[in-house]
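Q: heads up, no residue letters with this:
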């Protein structure tokens with residue numbers, strides 16, 4: 001009898017939960033997402049400093065980050081007893097996650113930081129929840145029902161969070177000395193940031209689809225998604241014309257890499273996969289503007305950047321928008337994807 005109980009416990013432990021109605025308090029999901037955005041802000045500051053070093057190649061940095069991050073995630077899933085090999089049907093979605101979520105969603109952000117400031121890149125990152133909402137609505141994954149009060153509040157909350165994030169970044173940019181960056185840098189950097197925004201918008205939708213259609217746990221999905229992303233980055237190495245000494249990173253870059261591997265790539269993406277399994281792609285992506293609040297605060301404390309009145313007003317608008325979204329999401333019925 002004890003063996004039957006142990007077998008049943010092992011089965012329950014290895015079976016991922018794919019429903020919002022699983023008893024997980026919404027406040028726990030919100031708290032996890034806030035911590036994730038704080039660590040993303042720290043990562044942005046560290047990576048921005050590393051990318052300003054001409055010896056650091058974004059492709060090499062991203063490849064090392066995701067190769068090591070995948071190893072950490074998959075090792076953790078094995079230690080927790082939830083490791084599983086992806087099925088043949090999962091390979092296509094994992095390849096799409098590698099292209100959109102890792103190649104565009106990570107590498108292009110590093111490329112943007114070579115040309116523009118961290119906060120400038122965050123302008124388009126703040127637009128990611130809106131684009132995720134539009135993509136989700138267009139494909140029927142996360143329909144937006146404006147006829148209901150909850151739907152209108154969700155749209156208003158997303159718009160307020162995005163506008164608040166943009167206002168905060170613009171206010172910070174106004175304090176930057178004129179002529180700091182050339183027109184070419186602004187054009188190229190914002191083009192990279194736009195590609196990052198599009199790829200990042202598709203990432204949570206693809207990840208949620210895989211969580212709901214496969215029997216892999218969220219931690220395992222995050223690990224295999226990162227591994228496939230590393231493979232996509234590796235395919236770009238032979239044609240990238242990298243310098244011979246590109247793998248010899250300076251010490252500061254290795255410190256930043258250690259942080260993004262252990263925290264950003266491993267802890268954060270595991271948390272995002274878990275939050276995706278307990279909420280929705282739009283709800284997860286809507287917390288991205290909160291990263292701007294933390295980035296501005298860290299910049300003021302660590303780098304001495306002024307935290308202007310306009311930035312403070314934008315931060316307040318971000319918090320208001322997230323509050324509206326949290327309330328609206330709690331009132332809405334289970335999404336179409338979850339019902340299927």
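A: Looks like it arrived, so ask away. In this text, all values refer to a predicted model and were calculated from it rather than measured experimentally.
Q: any chance you could map the helices in the stretch 1-150 of the chain?
A: Assigned by DSSP state H, counting those that start in this stretch, the stretch 1-150 of the chain shows helices spanning 2-14, 26-51, 58-79, 88-96, 108-113, 118-126, 128-139, 149-174.
Q: For residue 206, which of the ones you listed is the nearest?
A: With C-beta to C-beta as the criterion, residue 206 lies closest to helix 88-96 of these, at 5.3 Å. Where C-beta positions appear, they are placed from N, C-alpha and C, glycine not excepted.
Q: Packing partners of that closest one?
A: Packing partners of helix 88-96 (3 or more C-beta pairs under 8 Å, 6 or more residues apart in numbering; DSSP states H and E): helix 183-213, helix 218-236.
Q: Tell me which of those helices sits most buried.
A: Across the helices and strands packed on helix 88-96, averaging neighbours per residue (mean count of other C-beta atoms under 10 Å) puts helix 218-236 on top, at a mean of 24.
Q: Tell me the first helix or strand C-terminal of it.
A: Using DSSP states H and E, the helix or strand that directly follows helix 218-236 along the chain is helix 251-259.
Q: follow-up on the earlier one: ranked by average pLDDT, which of the helices of the stretch 1-150 of the chain falls at the bottom?
A: Least confident of those, judged by mean pLDDT, is helix 2-14 with a mean of 39.
Q: check contacts around residue 243.
A: Each residue near residue 243 by C-beta atoms under 8 Å, 6 or more residues apart in numbering is listed here: residue 57.
Q: Can you give me the distance of it to residue 289?
A: To residue 289, residue 243 is 37 Å away according to C-beta to C-beta, to the nearest Å.
Q: repeat for residue 145
A: In terms of C-beta to C-beta, residue 145 sits 23 Å off from residue 289.
Q: So for those two, which sits in the more crowded spot?
A: Of the pair residue 145 and residue 289, residue 289 is the one with more neighbours under other C-beta atoms under 10 Å, namely 33 against 14.
Q: circling back: reformat the helices of the stretch 1-150 of the chain as a markdown table; add distance to residue 211.
A: Compiled in a markdown table, those are given as follows (distance: least, C-beta to C-beta, whole Å):
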| stretch | distance to residue 211 |
| --- | --- |
| helix 2-14 | 15 |
| helix 26-51 | 14 |
| helix 58-79 | 13 |
| helix 88-96 | 10 |
| helix 108-113 | 24 |
| helix 118-126 | 23 |
| helix 128-139 | 15 |
| helix 149-174 | 21 |
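Q: got those as a markdown table, with mean neighbour count and distance to residue 189 columns?
A: Listed next are the helices of the stretch 1-150 of the chain as a markdown table, based on neighbours: other C-beta atoms under 10 Å; distance: least, C-beta to C-beta, whole Å:
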| stretch | mean neighbour count | distance to residue 189 |
| --- | --- | --- |
| helix 2-14 | 10 | 44 |
| helix 26-51 | 19 | 11 |
| helix 58-79 | 21 | 12 |
| helix 88-96 | 15 | 26 |
| helix 108-113 | 24 | 5 |
| helix 118-126 | 24 | 7 |
| helix 128-139 | 20 | 17 |
| helix 149-174 | 21 | 13 |
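Q: right, and the ones you listed - which one's nearest residue 281?
A: helix 128-139 (5.9 Å).
Q: How about residue 186, nearest residue that isn't a chain neighbour?
A: Nearest non-adjacent residue to residue 186, counting by C-beta to C-beta, 6 or more residues apart in numbering: residue 116, 6.3 Å away.
Q: What count of nearby residues applies to that neighbour?
A: 22.
Q: Let me know the pLDDT of it.
A: In this prediction, residue 116 carries a pLDDT score of 77.
Q: Where does pLDDT dip in the stretch 201-340 of the chain?
A: For the stretch 201-340 of the chain, residues meeting the criterion pLDDT under 70 lie at 282, 303-306, 326, 329-340.
Q: List the contacts of the residue lying closest to residue 308 once chain neighbours are set aside.
A: Closest residue to residue 308 apart from its sequence neighbours, by C-beta to C-beta, 6+ apart: residue 171 at 4.8 Å. Contacts for residue 171 (C-beta under 8 Å, 6+ apart) come out as 308-311, 313-314.
Q: Please tell me how far residue 171 sits from residue 286.
A: 21 Å.
Q: How about the most centrally placed residue in the chain: what's its closest non-neighbour residue?
A: With distances taken as C-alpha atoms, centre = their mean, residue 200 lies nearest the centre of the chain, 6.7 Å away. Nearest residue to residue 200 in three dimensions, chain neighbours excluded: residue 105, at 4.2 Å (C-beta to C-beta, 6+ apart).
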